[in-house]
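Novice: Fold the following.
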Amino acid sequence: MGHAMDFTGKVALITGGGGDIGQAAALAFATHGAKVVLVDIDEAAGLAGARRVQERGGDARFVRADVSRGDDVRHYVQAALDAHGAIDCFFNNAGIEGVIAPTQDYDEAMFDHVINVNLKGVFLGLRHVLPVMLHQGAGTIVNTASITAIFGGAGMPAYVASKHGVLGLTKAAAADVARLGVRVNAICPGPVDTRMMHSIEAHRNPADPAAVGAAVRAGIPTGAYSTPEEVANAVLYLCSALSGNVTGTHLMLDGGRTATGGAPSPNKVQEKSK
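Specialist: Numbering: from 1, shown residues only. Next up is the predicted model:
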């Protein structure tokens, strides 16, 4: 096992590095020996993420960027190269939820904003990191999609469309570089215990967000949200030698929800009838 999850001397670049999943991934990579570069549009959150890694003795730095702007993306890639001379692992993770509103009412400017960050931002990351990895002859990329890349869902047309698109980009990019030493995969988290998820709960029922959480958990066979640390572990797996010939695919991290279509598990029903 020793060598398989060892990232000593490797460089991990993480967008959305200030968010809960980004920070967890930064800590996980650093714990396994990587130098991490965190990218976020939110300077305070990104710096906080880098500090958390540094406080535990890890090597971390922060670069502010709007991932939907080509110049900003070029800048964060160059900053990582200037600091470390390589990019071994790229967690292409930045994303926003937008607003909760049905398709027939969804604001056009908000639609553009969500697509720009979640889909164009992932494309731009691939566009500017892939040449670095191809020049190195090695590298791994993980894009953050979502359970909504497989399923739809009420009130999130832009988000759902963007995440379906992320899977498309993952498959296309993986095919483009499959013979060139670089692998590209996606993770599809279901609900994760993060700021974003709690914000969505509050949007759906401002009076009682906890009721939304309870209802969502009832539709997850394990009955639990994933933790940011569990998501980070999956990212490390996909970036490690353990996932050898795995490319162009996605990993569901959803407590069994897609497997069952969200139907309650039998033990859940028994608990209710007690």
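
Novice: helix/strand/coil for Arg183?
Specialist: strand (DSSP: H, G, I helix; E, B strand; the rest coil).

Novice: again with His128
Specialist: His128 - assigned by three-state DSSP - is helix.

Novice: Show the pLDDT at it.
Specialist: If you check His128, the pLDDT there is 98.

Novice: What separation is there between it and Phe151?
Specialist: 31 Å (Cβ to Cβ, to the nearest Å). C-beta: built from backbone N, CA, C; applies to glycine.

Novice: again with Ile41
Specialist: 28 Å.

Novice: Repeat that for Gly16.
Specialist: 22 Å.

Novice: where along the stretch 151-274 of the chain do the strands fall?
Specialist: 182-189, 250-253 (DSSP state E, counting those that start in this stretch).

Novice: of all those strands, which lies closest to Ala45?
Specialist: Ala45 lies closest to strand 182-189 among the strands of the stretch 151-274 of the chain, at 18.8 Å (Cβ to Cβ).

Novice: pLDDT weak spots in the protein?
Specialist: Applying pLDDT under 70 to the chain flags residues 1-3, 262-274.

Novice: same thing but at 80, please
Specialist: 1-4, 261-274 (pLDDT under 80).

Novice: got the contact list for Leu27?
Specialist: Shown in contact with Leu27 (Cβ atoms under 8 Å, 6 or more residues apart in numbering): Arg52, Val53, Arg56, Gly58, Ala232.

Novice: so how many other residues sit close to Glu43?
Specialist: Glu43: 12 surrounding residues under other Cβ atoms under 10 Å.

Novice: can you tell me how far the residue nearest to Val11 when sequence neighbours are not counted sits from Pro102?
Specialist: Once flanking residues are discounted, Val11 sits nearest to His84: 4.4 Å by Cβ to Cβ, 6 or more residues apart in numbering. In this view, His84 and Pro102 are 45 Å apart by Cβ to Cβ.

Novice: Asn205 too?
Specialist: 16 Å.

Novice: Ok, Thr247 next?
Specialist: Using Cβ to Cβ, Thr247 is found at 36 Å from Pro102.

Novice: got it, and Gly181?
Specialist: From Gly181 to Pro102 the distance is 45 Å (Cβ to Cβ).

Novice: More neighbours: which of these two?
Specialist: When Gly181 and Pro102 are compared for neighbours, Gly181 comes out ahead with 13 against 10, by other Cβ under 10 Å.

Novice: my read: the more buried one touches Gly137, true?
Specialist: Yes - in this structure, Gly181 is within contact of Gly137 by Cβ atoms under 8 Å, at 4.6 Å.

Novice: residues in contact with the most centrally placed residue in the chain?
Specialist: The centroid of the chain falls nearest to Thr144 when counting by Cα atoms, centre = their mean (3.2 Å). Thr144 is in contact with Gly16, Ile21, Phe91, Asn92, Asn93, Ala94, Gly95, Val122, Val166, Ala186, Ile187, Pro189, counting by Cβ under 8 Å, 6+ apart.

Novice: Would you list the phi and psi of the residue lying closest to it once chain neighbours are set aside?
Specialist: Take Thr144 and drop its neighbours on the chain: the residue closest to it by Cβ to Cβ, 6+ apart is Asn93, 4.3 Å away. Per-residue torsions, Asn93: phi -120, psi -10 (degrees, to the nearest 10).

Novice: Tell me who's in contact with Ile220.
Specialist: Going by Cβ under 8 Å, 6+ apart, Ile220 touches Gly190, Pro191, Asp254, Gly255, Gly256, Arg257, Gly262.

Novice: Roughly how far does it sit from Val166?
Specialist: With distances taken as Cβ to Cβ, Ile220 is found 22 Å from Val166.

Novice: Repeat that for Asp176.
Specialist: The value you get for Asp176 to Val166, if Cβ to Cβ is used, is 16 Å.

Novice: Kindly report the same for Val160.
Specialist: Val160 sits at a distance of 11 Å from Val166 (criterion: Cβ to Cβ).

Novice: okay, now the closest residue in space to Gly152 that isn't next to it in sequence: neighbour count?
Specialist: The shortest distance from Gly152 to any non-neighbouring residue, by Cβ to Cβ, 6+ apart, is to Val160 (5.4 Å). When counting by other Cβ under 10 Å, one arrives at 21 neighbours for Val160.
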